[in-house]
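have a look; sequence and predicted model below, questions after that.
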Amino acid sequence: MKFYVSTAFLDTSEVVEIAKAADDLGYDGMGIPDHVINLETLKTPYPYTKDGRRRWEAFTDWPDPWVMIGAIALVTTRLRFVTTVYLPAMRDPYSAAKSIGTAAYLAGGRLELGIGVGWCEEEFTLMGQRFDRRGKRTDEMLELMKALWQPGWTEFDGEFYSAPRLEMEPTPPHIPIYVGGLSDIALRRAARNDGWVGDLITTDRAIERVDRLREMRAESGLTMDDFTVLTPLTDAFTPEHYERAEAGGIHGIITMPWMFYSGPQATLSEKIDGMRKFRKDLALDG
């Protein structure tokens with residue numbers, strides 16, 4: 001089982017030190033979320049809570065994921081970085097491809113692109129992007145960006161985007177694409193790509209989705225051998241819990257280890273100490 005440290009809701013000033021500690025302590029990666037702005041009032045309900053309210057308070061930090069990855073890639077040697085999740089359809093494909101590709105280049109192949117289609121219509125509107133058909137646009141953007149990340153000249157002619165003969169440098173290393181979301185549509189999109197990023201979910205529900213992904217992959221003649229599943233789990237705390245998750249097809253856990261020891265108000269030193277205790281308690285260093 002792999003363990004990724006989430007940077008969600010952290011003070012931006014802490015992330016570099018947490019990344020260095022995670023690298024030194026043997027964690028496998030870091031999960032980095034994405035929002036551009038946080039509107040005071042929304043008509044769109046947040047889809048991942050029962051009451052539709054957002055999980056974060058106003059004025060929570062949401063640093064740009066590609067600037068952040070560029071920074072922490074240069075102070076670490078082995079950590080991988082996954083976005084949890086980035087919304088391509090809220091941007092233009094060329095700016096997105098340039099930022100992602102540059103971060104992947106600086107990270108030396110340690111970048112895993114986690115994407116979603118988004119839920120907040122008001123944020124899309126503010127960014128000047130259509131909210132409707134965002135799933136179809138996301139699929140086409142991924143194809144265009146993969147073409148832009150290849151060496152040499154590229155041309156593209158799609159329903160939403162087209163590109164004359166052009167090139168984009170630097171050419172990044174291979175960037176695996178994981179898809180976030182809990183719906184059947186999201187799972188089907190994930191099955192077409194390289195992996196799935198879950199949201200806060202119980203182990204049973206996560207395993208159910210892994211089974212569904214296995215079915216979807218099989219429909220296209222694909223196996224799960226080269227497919228990655230990363231998710232936070234709301235009911236996994238012990239080695240036995242994580243062993244069961246791994247047996248069910250979950251490859252990596254996205255977690256905030258300090259939450260088990262000091263809670264959400266932990267200082268930076270308490271966060272790092274919690275990361276150390278978590279590995280010791282799970283016998284990950286033995």
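Now that the structure is in, tell me what you want to look at.

and residue 164, helix, strand or coil?
Following DSSP: H, G, I helix; E, B strand; the rest coil, the label given to residue 164 is strand.

tell me where the stretch 101-250 of the chain has helices.
121-126, 134-148, 184-191, 203-219, 239-247 (DSSP state H, counting those that start in this stretch).

who wins for proximity to residue 1 among those helices?
Of all the helices of the stretch 101-250 of the chain, it is helix 239-247 that lies closest to residue 1, at 4.7 Å by Cβ to Cβ. Glycine gets a C-beta too; all of them are placed from N, C-alpha and C.

roughly how far out does whichever helix or strand comes after the closest one sit from the chain middle?
From helix 239-247 onward toward the C-terminus, using DSSP states H and E, the following helix or strand is strand 252-255. Its chain's C-alpha centre lies 11 Å from the corresponding centre of strand 252-255 when counted by Cα atoms, centre = their mean, to the nearest Å.

just give the strands next to strand 252-255 in its sheet, each with its orientation.
Within its sheet, strand 252-255 is paired with strand 2-6 (parallel), strand 228-231 (parallel), according to DSSP bridges.

and those strands, which is most packed in?
A comparison of the strands paired with strand 252-255 by mean neighbour count, using mean count of other Cβ atoms under 10 Å, puts strand 228-231 on top with a mean of 24.

out of the helices of the stretch 101-250 of the chain, the one nearest residue 29 is which?
Distances from residue 29 to each of the helices of the stretch 101-250 of the chain were compared using Cβ to Cβ; the minimum, 15.6 Å, belongs to helix 239-247.

in stretch 247-258, what counts as buried?
By 16 or more other Cβ atoms under 10 Å, the buried positions in stretch 247-258 come out as 248-258.

show me the shaky parts of this structure.
In the prediction, the chain carries residues with pLDDT under 70 at positions 285-286.

what do you get if the cut-off is 90, keeping everything else the same?
Residues of the chain that meet the criterion pLDDT under 90 lie in 48, 50, 283-286.

before we move on, back to that, redo the strands paired with strand 252-255 as TSV? Include distance to residue 27.
What follows is those, written out as TSV (distance: least, Cβ to Cβ, whole Å):
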stretch	distance to residue 27
strand 2-6	5
strand 228-231	13
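
which residue, other than its chain neighbours, is closest to residue 244?
Excluding the flanking residues, the one nearest residue 244 by Cβ to Cβ, 6 or more residues apart in numbering is residue 203, at 6.4 Å.
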